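Q: give me coordinates for this.
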Amino acid sequence: MTKERSTGLRTDIEGLRALAIGLVLVYHASTKLLPGGFIGVDIFFVISGFLITGLLVREAEATGKVSLSRFYARRAKRLLPVSAIVLVAAAIVTVTLLPISQRKVFGFDIVGAALYVVNWVFAGRAVDYAAQDAGASPVLHYWSLAVEEQFYIVWPLILLVVVALTKHKSRLVRPAMAVGLAVVVIPSLAWSAILANRQDPSDFFVTTTRLWELGIGGLLAIAVPLLTRIPRALANAIALAGAAAVAFAAITFHDTLPWPGLWALVPVLGTAAMIGGGVAAAKGPVGTVLSWRPLVWIGGLSYSLYLWHWVVLLAGREGFGLTGAKWGLVLVTAALIPAWIGHKLVENPVRFSAALSKNSGMALAVGAAATLVGVVAGLLVAVSAPRPTVTNSDATFGEQPLGAMALGAVPSESALGWAQDSYDVLWPDPSAVSADTPSYVSKDCFTQPTEADLKPCDFGDLDSAVHVLAVGDSKLAQYYDALDFVGKANGWHLTMYAKGSCPFSAATRFRDGEVWKVCTEWNDALLAEILAVAPDAVITTQGANTGILPQNGAAGAESREDGVAGLVEVWSALQSADVPVFALLDNPRAPTGYDPYTCLVDNADNATACAFERVRGIENSGAPAQVAAAALVEGATVVDLTDYLCPQQVCAPVIGNVIVYRDGTHITNTYAKSLGPVLAQRLAAAGAASNVAVPAVPAVPAVP
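A: All right, here's what the predicted structure looks like:
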């Protein structure tokens with residue numbers, strides 16, 4: 001057998017680390033500069049799998065065993081101390097520069113990062129429609145570190161089994177390890193492809209779709225004795241082909257690709273080719289370029305630089321308004337300063353400490369202490385959000401109507417519809433406004449954006465023979481409790497079918513540049529279900545037309561015409577079946593980035609700053625398309641609540657002491673419930689319940 005190449009430092013791999021971190025930094029500085037720069041993380045995964053597995057393989061062959069304590073001690077002293085320092089920095093940035101409304105969320109993100117499970121936190125948030133407006137986390141980049149550490153919890157345990165099975169048969173260690181890795185790689189790659197095909201956003205973060213990338217690096221390490229036999233010329237060609245594949249992916253790939261999935265094979269196998277080619281031809285063209293001293297130096301800093309760059313970038317952007325590609329490049333370059341300091345003063349001294357190298361227990365204790373520092377920092381952030389000075393108890397209001405009911409019968413004539421400088425009483429608690437969601441969220445009756453299943457939710461008067469369906473996206477679902485009131489008042493048995501981001505429409509919708517298959521499937525199944533049920537009426541609403549493309553348009557374009565045509569098609573189908581349609585107009589849409597909590601807290605004495613223009617809010621909503629479609633379908637009737645949502649030319653953030661919006665798109669559940677009697681009256685006026693008595697809207701109350 002040809003002797004395996006020296007286990008000393010491979011300068012070409014250090015240069016490859018530099019390439020990976022460079023791709024990530026440029027991509028984060030501005031996606032326009034290098035649209036495929038996100039593949040840098042995939043390169044890191046392959047490198048890590050190769051180096052760590054190589055260490056374990058050599059230990060197993062040399063000693064006939066794998067020391068878990070020594071392995072985890074090496075990982076702890078290498079990774080955790082500098083990680084803890086960056087987590088403390090992220091906590092400081094969160095408290096001093098980022099929106100107050102995000103503190104609790106980001107604080108627990110920091111805890112998740114310290115415990116290396118934050119990728120699952122982000123995966124859950126990616127498919128949680130109620131969390132759609134969460135901002136960029138200061139530890140967003142820690143997801144990849146979490147994936148690696150979870151892999152290295154499982155992989156050594158598998159190796160222990162392999163070593164036990166091949167005891168006294170060292171020649172079988174590598175083949176057995178290859179089989180063990182294949183058992184991980186093949187299912188992981190298949191699952192990644194399945195989730196990518198489903199357009200599931202959690203695909204990017206979950207460990208199960210990333211294990212194969214680390215596993216490819218591991219298989220490469222196992223195959224080193226075979227790779228050394230490759231002729232030099234062929235090895236150079238392989239490395240060059242790998243470099244070309246990585247360059248192609250970095251330049252041409254974009255973040256709308258379902259990722260990782262099968263597309264990730266390009267940079268992953270390209271990286272493997274570069275590493276594998278370097279085994280047999282260390283001084284080939286690729287290895288020579290990657291061994292350039294400045295690249296090797298940056299490669300040595302890559303871990304610390306990766307940790308610091310996102311925190312520095314976020315602080316500059318969010319705290320000081322340093323936006324744009326040029327500032328992005330300046331900020332990620334500036335991250336070299338804390339990265340170098342951390343590398344010299346923390347990372348290397350701890351990593352190469354003689355005392356810690358000799359005593360695995362001490363090294364693990366240092367790692368545990370570092371983890372505890374990160375956890376405490378995150379918890380302190382989570383509990384640091386200032387409590388609002390206003391009260392919100394029911395007793396505070398006495399007999400005065402809340403929310404929409406406080407506007408009386410003619411909303412435009414009520415002073416409560418105007419934005420005010422300050423509010424003595426707010427409901428819900430401003431710090432909990434984003435969580436003021438409909439009660440359906442506690443039930444399995446809302447189809448998430450990644451799903452296609454119909455999930456009926458029955459409410460209202462369940463004993464009634466009058467059956468009304470409420471269908472649409474989250475804009476329909478936000479009225480769940482108001483409609484429950486209407487159903488009980490009118491004697492209707494209501495059934496809701498709602499899917500996040502997917503309105504009831506025949507228009508083809510796109511997601512991340514691809515046809516959104518599950519939305520189409522859901523709509524097809526929903527229309528068939530409605531026609532089969534033949535309800536007494538259908539109530540529907542929707543958000544704006546985002547994601548609907550003209551027939552020959554490019555990804556990213558929006559077409560109101562196609563949106564109208566999609567509504568007309570399904571509403572006409574219901575008309576033909578004698579099912580009346582009541583189109584509840586979409587609420588005005590607040591400006592992008594609208595955060596009621598932060599705005600109201602930061603402008604406690606100038607809350608008028610939290611208002612927005614009514615005309616623009618309506619134009620940016622789904623209402624114009626609904627009005628246009630209703631004019632083309634005889635059996636469709638518009639039900640308009642806009643005067644109770646925005647009575648004046650500017651939409652007030654608070655009406656009748658109730659915060660109107662929980663984010664830039666959806667209204668709070670408290671305000672939605674206050675619309676119940678109004679909605680019942682408007683539906684009655686539209687003919688949906690002409691013979692049913694509904695609660696009266698009170699007269700305009702006295703304005704204090």
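Q: show the average pLDDT along stretch 564-582.
A: Averaged across stretch 564-582, pLDDT comes to 92.
Q: how about that stretch, which residues are buried there?
A: Within stretch 564-582, the residues that qualify as buried are 564-568, 570-575, 579-582, counting by 16 or more other CB atoms under 10 Å. Yep, even glycine has a C-beta here, placed from its N, CA and C like the rest.
Q: among these, which are in helices?
A: With helices taken from DSSP state H, the overlap with these comprises 564, 565, 566, 567, 568, 570, 571, 572, 573, 574, 575.
Q: need the residues you listed in JSON lines (columns: distance to residue 332).
A: Shown next, in JSON lines, are these (distance: CB to CB, whole Å):
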{"residue": "564", "distance to residue 332": "44"}
{"residue": "565", "distance to residue 332": "45"}
{"residue": "566", "distance to residue 332": "42"}
{"residue": "567", "distance to residue 332": "45"}
{"residue": "568", "distance to residue 332": "49"}
{"residue": "570", "distance to residue 332": "47"}
{"residue": "571", "distance to residue 332": "50"}
{"residue": "572", "distance to residue 332": "53"}
{"residue": "573", "distance to residue 332": "53"}
{"residue": "574", "distance to residue 332": "53"}
{"residue": "575", "distance to residue 332": "56"}
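Q: any idea which of those is closest to residue 446?
A: residue 570 (19.9 Å; CB to CB).
Q: quick one: contacts for that closest one?
A: By CB atoms under 8 Å, 6 or more residues apart in numbering, residue 570 lies in contact with 504, 505, 506, 523, 527.
Q: next, count neighbours for the second one.
A: When neighbours are defined as other CB atoms under 10 Å, residue 505 has 30 of them.
Q: now it, nearest residue through space, not along the chain?
A: Nearest non-adjacent residue to residue 505, counting by CB to CB, 6 or more residues apart in numbering: residue 566, 3.7 Å away.
Q: is it true that the one you found touches residue 506?
A: Yes. Counting by CB atoms under 8 Å, residue 566 touches residue 506, with 4.5 Å between them.
Q: from residue 666, how far off is the residue positioned nearest the centre of the chain?
A: Closest to where the C-alpha atoms of the chain average out (CA atoms, centre = their mean) is residue 126, at 3.1 Å. Using CB to CB, to the nearest Å, we find residue 126 at a distance of 18 Å from residue 666.
Q: same question for residue 678.
A: Using CB to CB, residue 678 is found at 18 Å from residue 666.
Q: next, the closest residue to residue 254 other than its chain neighbours: phi, psi?
A: Excluding the flanking residues, the one nearest residue 254 by CB to CB, 6+ apart is residue 35, at 4.3 Å. The phi and psi values for residue 35, taken as degrees, to the nearest 10, are phi -60, psi -30.
Q: residue contacts, residue 35?
A: 27, 251, 252, 253, 254, 255.
Q: from these, which ones fall inside strands?
A: Among these, DSSP state E puts none in strands.
Q: from the residues you listed, keep the buried residues only.
A: Buried by 16+ other CB under 10 Å: 27, 253, out of the contacts of residue 35.
Q: quick one: low-confidence residue ranges for the protein.
A: Flagging of the chain using pLDDT under 70 yields the residue ranges 1-8, 127-135, 168, 170, 386-400, 441-443, 512-513, 545-558, 688-704.
Q: and it, what are its domain boundaries?
A: 11-381, 438-586+621-640 (automatic domain parsing).
Q: next, format the ones you listed as CSV and append distance to residue 650.
A: Shown next, in CSV, are the domains of the chain (distance: least, CB to CB, whole Å):
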stretch, distance to residue 650
domain 11-381, 21
domain 438-586+621-640, 15
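Q: so for residue 602, which of those domains sits nearest?
A: Per CB to CB, nearest to residue 602 of these: domain 11-381, 7.3 Å.
Q: give me the element residue 468 is part of.
A: strand 467-472 (DSSP states H and E).
Q: okay if I get the contacts of residue 570 as a markdown table plus distance to residue 282?
A: Listed next are the contacts of residue 570 as a markdown table, based on distance: CB to CB, whole Å:
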| residue | distance to residue 282 |
| --- | --- |
| 504 | 61 |
| 505 | 59 |
| 506 | 60 |
| 523 | 57 |
| 527 | 63 |
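Q: closest to residue 349 among those residues?
A: Residue 349 lies nearest to residue 523 out of the contacts of residue 570, by CB to CB, at 59.9 Å.
Q: for that closest one, what is the enclosing helix or strand?
A: Residue 523 belongs to helix 517-533, assigned by DSSP H and E.
Q: that helix: what's the following helix or strand?
A: Once the chain leaves helix 517-533, the next helix or strand it forms, by DSSP H and E, is strand 537-541.
Q: C-alpha coordinates for that following strand, CSV please?
A: This file holds the C-alpha atoms of strand 537-541, laid out as CSV (Å, rounded to 0.1, in the frame of the first residue of the first chain):
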residue,chain,number,x,y,z
ALA,A,537,-71.7,30.6,1.1
VAL,A,538,-68.0,31.2,0.9
ILE,A,539,-66.2,34.0,2.7
THR,A,540,-62.7,34.7,1.4
THR,A,541,-59.9,37.3,1.6
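Q: can you list contacts of that strand?
A: By CB under 8 Å, 6+ apart, strand 537-541 touches 468-472, 475-476, 479, 483, 503-504, 530, 574, 579-586, 622, 626, 639, 683, 688.
Q: who does that strand pair up with?
A: strand 467-472 (parallel), strand 581-584 (parallel) (DSSP bridges).
Q: in what element of secondary structure is the residue nearest to the centre of the chain found?
A: Using DSSP H and E, residue 126 falls in helix 118-127.
Q: who touches that helix?
A: Residues contacting helix 118-127 (CB under 8 Å, 6+ apart): 108-109, 112, 131, 134, 137, 139-140, 142-144, 146-147, 150, 200-202, 204-207, 448-450.
Q: and these, which of them are in helices?
A: Assigned to helices by DSSP H, the following of the contacts of helix 118-127 qualify: 108, 109, 112, 142, 143, 144, 146, 147, 150.
Q: burial of the residue nearest to the fourth one when sequence neighbours are not counted, as a residue count?
A: The one in question is residue 142. Excluding the flanking residues, the one nearest residue 142 by CB to CB, 6+ apart is residue 113, at 3.9 Å. Residue 113 has 30 neighbours, counted by other CB under 10 Å.
Q: isn't residue 113 up against residue 378?
A: Yes. Counting by CB under 8 Å, residue 113 does reach residue 378; the two are 7.5 Å apart.
Q: common neighbours of those two, please.
A: Common neighbours of residue 113 and residue 378 (CB under 8 Å, 6+ apart) are residue 87.
Q: for the residue nearest to residue 142, what are its contacts?
A: Contact partners of residue 113, counting by CB under 8 Å, 6+ apart, are 83, 87, 90, 139, 142, 145, 146, 374, 378.
Q: any idea which of these is closest to residue 403?
A: residue 378 (35.4 Å).
Q: quick one, what contacts the closest one?
A: Residues counted as contacts of residue 378 (CB under 8 Å, 6+ apart) are 87, 91, 107, 108, 109, 110, 111, 112, 113, 114.
Q: and the last one, how many neighbours does it have?
A: Residues lying near residue 114 (other CB under 10 Å) number 25.
Q: likewise for the fourth one?
A: The burial count assigned to residue 108 is 17, neighbours taken as other CB under 10 Å.
Q: test my guess that it contacts residue 383.
A: No. With contact defined as CB under 8 Å, residue 108 and residue 383 do not form a contacting pair (10.4 Å).
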